[in-house]
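Novice: Give me a model of this one.
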Amino acid sequence: MKRIILILALLVFSVGCTNLEEELNDTVDSDVARATADTESLLDAAYQAMRVFDTQDNIFALQEHTSDELAGPTRGADWDDGGVWRNLHTHSWTSSNNFIKNSYNGLLSGVFRATQVLEFNPTPQQEAEARFIRAFFAFHLTDNFGLVLGREPGEDLTQPPSIYLNRAEGINFVIDELEAVINDLPTTGDPSVASQNAAHFLLAKAYLNRAVYMATEESTNAASEGPFDFSPADMNKVIEHCDAILASGEYTLETMYFDNFSPTNSDDSSENIFVSLNERGNNPANTQSRWHMTLHYNNQPDGWNGFVTLAEIYDLYEDDDMRRSYTPSYFEGNTGMNAGFLLGQQYAADGTPLEDRNGNPLAFTKDFSLTASNEVNGIRVIKYPPDFTNLGSPGNDYVHFRYADVFLMKAEAILRGGAATMGDTPESLVSEIRQARGTSDLATVDLPEILDERAREFYWEGWRRNDQIRFSTYLDAHYEKPESSEQYLLFPIPPEALSTNPNLIQNPGY
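Specialist: Reported below is the predicted structural model:
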């Protein structure tokens, strides 16, 4: 029976986002479902919905390809894909983009799966976890699409979702949900389970971005590029929730940066607050795409020879910053590359210089072209070190929230008018991170430096679009991208959703 319920959940959620022809009224009686449902399995399904973030396309593409951190060059006949990567980079996408549609559906599916748990007699902790997950997906819906859709538990599944929140309402829903359940979440434990600290983190992130979402034209839901009115009250809430995590004593900044992303990162890292669990050899997610999407065909391990970072990001680092280049001990004998950024000649595990498919040196360059790159153009990135014991089904847990972000959110909130606490200053908070990463302190820290430090710390982790919008740099021109208009601050609602849900209104400009 629980299998029927899960299948029903996936089918029914498409009301409002895809065409639904199935007759649902007689699929399963609700009283029977409540009596037989395995609530823990429903909760597991809600957690598994977060795997939509693991893959190289869809949400990751929306968060990173549209920013100044990542690009997908066309290499001859490789990686053109109808111009989809190029359109994301240059802010010229349309409502027919499949990555946008899949992201929209994936985020809504997460809201729906979490809501399903609430209908089947959850314990107080199960309810709190489900509502946390729902708030997590609602935050990303607000951030990307400017809306939150959902249902009340037990609602008629044959009708369009009754909950339809605009951008400003959406972020307040996220805050209200988290504040309502935080005390029923566990205080410590497995980082793949929602905890009080995970809720504190998401609340800090919500308050930090609240001014961005409130700067919305009410009648059209049009977004503004800023500058934004960051209220001292919101910034003090950011600091309050950051301080709760700092005072918990549960985390420390890692002196081995790439332990946060290693094949055994939930054991290796004391920094990861919230992750999606991936079990080595039993991993239906696509975490291997994090190295496969960028490495050349002849690297060890090999890859699809795709995505690159921009030289402007690489050049933000000092030479001794381990975040740019570090070789974990388990790389020895398995590969000749380093973790971090790959630039210049590449080597096999035995030290032999590698070649491209034409027999030329496999030496990655800073330069690339969106339309006419060769095999070696572009700096490659290894954020998640390969799991050499099982490349196809790795054990790297996918990281959503990290302790380092607590320091940088608090530093930013102080600079935006929040009251400093615990003797912290923006300089001291940033210095703690930089000292852990083996690089020098900054003499002064202002808001542009915070944005740069966030790039150095969180590259290719899915936060760059969010950061750039908050700092009003997202629409600026950069490498082969012209200045873009405010419509691109939000993604379009897929046409399939508009055609099946009369309550939906397309975002401006699409």
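Novice: for this protein, what are the low-confidence residue spans?
Specialist: Flagging of the chain using pLDDT under 70 yields the residue ranges 1-37.
Novice: switch to 50 and redo it
Specialist: Low-confidence segments of the chain, defined by pLDDT under 50: 1-30, 32-33, 35-36.
Novice: In the stretch 1-150 of the chain, mark out all the strands, start to finish.
Specialist: For the stretch 1-150 of the chain, the strands defined by DSSP state E, counting those that start in this stretch occupy 147-150.
Novice: same question, the stretch 201-350 of the chain
Specialist: Ranges of strands in the stretch 201-350 of the chain, per DSSP E, counting those that start in this stretch, are 216-217, 222-223, 272-276, 325-326, 339-342, 344-345.
Novice: Make CSV out of the ones you listed and add distance to residue 333 and mean neighbour count.
Specialist: To be clear about C-beta, it is placed using only N, CA and C from the backbone, and glycine gets the same treatment. CSV is the format used below for these (distance: least, CB to CB, whole Å; neighbours: other CB atoms under 10 Å):
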stretch, distance to residue 333, mean neighbour count
strand 216-217, 54, 18
strand 222-223, 50, 20
strand 272-276, 27, 23
strand 325-326, 17, 18
strand 339-342, 15, 23
strand 344-345, 19, 13
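Novice: Nearest to residue 117, out of those?
Specialist: Distance to residue 117, taken as CB to CB, is lowest for strand 272-276 among the strands of the stretch 201-350 of the chain, at 17.1 Å.
Novice: gap between the closest one and the chain center?
Specialist: Distance of strand 272-276 from the chain centroid (CA atoms, centre = their mean, to the nearest Å) equals 12 Å.
Novice: any chance of the strands of the stretch 201-350 of the chain in a markdown table, with distance to residue 471 too?
Specialist: What follows is the strands of the stretch 201-350 of the chain, written out as a markdown table (distance: least, CB to CB, whole Å):
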| stretch | distance to residue 471 |
| --- | --- |
| strand 216-217 | 18 |
| strand 222-223 | 14 |
| strand 272-276 | 23 |
| strand 325-326 | 26 |
| strand 339-342 | 23 |
| strand 344-345 | 31 |
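Novice: wait, which of the ones you listed is closest to residue 199?
Specialist: Nearest of the strands of the stretch 201-350 of the chain (CB to CB): strand 272-276, 9.3 Å.
Novice: Surely residue 469 is in contact with residue 212?
Specialist: Yes: contact criterion CB atoms under 8 Å: residue 469 and residue 212 qualify, at 6.1 Å.
Novice: what residues are shared contacts of those two?
Specialist: residue 226 (CB atoms under 8 Å, 6 or more residues apart in numbering).
Novice: Tell me which of the strands of the stretch 201-350 of the chain lies nearest to residue 201.
Specialist: strand 272-276 (5.5 Å).
Novice: What strands flank the closest one, and is each parallel or antiparallel?
Specialist: With DSSP bridges as the test, strand 272-276 is paired with strand 398-402 (antiparallel).
Novice: chain center to the strand it pairs with: distance?
Specialist: With CA atoms, centre = their mean, you get 8 Å for strand 398-402.
Novice: neighbouring contacts of it?
Specialist: Here strand 398-402 has contacts from 50-51, 53-54, 136, 198, 201-202, 260-261, 265, 271-276, 278, 285, 287, 458, 461, using CB under 8 Å, 6+ apart.
Novice: which residues of the stretch 351-500 of the chain fall in helices?
Specialist: For the stretch 351-500 of the chain, the helices defined by DSSP state H, counting those that start in this stretch occupy 403-415, 426-436, 447-458, 464-470, 495-500.
Novice: hmm, back to that, out of the strands of the stretch 201-350 of the chain, flag the one nearest residue 406.
Specialist: Per CB to CB, nearest to residue 406 of the strands of the stretch 201-350 of the chain: strand 272-276, 8.0 Å.
Novice: could you give the angle of that closest one to helix 403-415?
Specialist: Here the directions of strand 272-276 and helix 403-415 differ by 120 degrees (axes from the mean of the first three to the mean of the last three CA atoms, to 10 degrees).
Novice: Identify the residues contacting strand 272-276?
Specialist: Residues contacting strand 272-276 (CB under 8 Å, 6+ apart): 47, 50-51, 53-54, 191-192, 194-195, 197-198, 201, 245, 251, 260, 265-266, 285, 397-403, 406.
Novice: With just CA atoms, put it into CSV.
Specialist: Taking Å, rounded to 0.1, in the frame of the first residue of the first chain, the C-alpha atoms of strand 272-276 are listed here in CSV:
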residue,chain,number,x,y,z
ASN,A,272,28.6,20.0,7.2
ILE,A,273,25.3,21.0,8.8
PHE,A,274,22.9,19.5,6.3
VAL,A,275,23.5,17.1,3.5
SER,A,276,21.8,14.6,1.2
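Novice: Which stretches in the stretch 201-350 of the chain count as helices?
Specialist: 232-248, 265-268, 289-292, 311-314.
Novice: Which residue, neighbours along the chain excluded, lies closest to residue 435?
Specialist: Nearest residue to residue 435, sequence neighbours excluded (CB to CB, 6 or more residues apart in numbering): residue 441, at 7.1 Å.
Novice: what about that neighbour, distance to residue 325?
Specialist: Applying CB to CB, to the nearest Å, the value for residue 441 to residue 325 is 20 Å.
Novice: now swap in residue 80 and tell me
Specialist: For residue 80 relative to residue 325 (CB to CB), the value is 31 Å.
Novice: Residue 191 and residue 397 touch, don't they?
Specialist: Yes: the criterion here is CB under 8 Å, and residue 191 meets it with residue 397 at 7.4 Å.
Novice: Mutual contacts of the two, please.
Specialist: With CB under 8 Å, 6+ apart, residue 191 and residue 397 have common neighbours 266, 272, 275.
Novice: residues near residue 455, how many?
Specialist: Counted with other CB atoms under 10 Å, residues neighbouring residue 455 total 21.
Novice: Okay, it and residue 53: tell me how far apart.
Specialist: The spacing between residue 455 and residue 53, counted by CB to CB, is 19 Å.
Novice: Quick check: closest non-adjacent residue to residue 438.
Specialist: Closest to residue 438 by CB to CB, 6+ apart is residue 322, at 4.8 Å.
Novice: What separation is there between that neighbour and residue 84?
Specialist: 34 Å.
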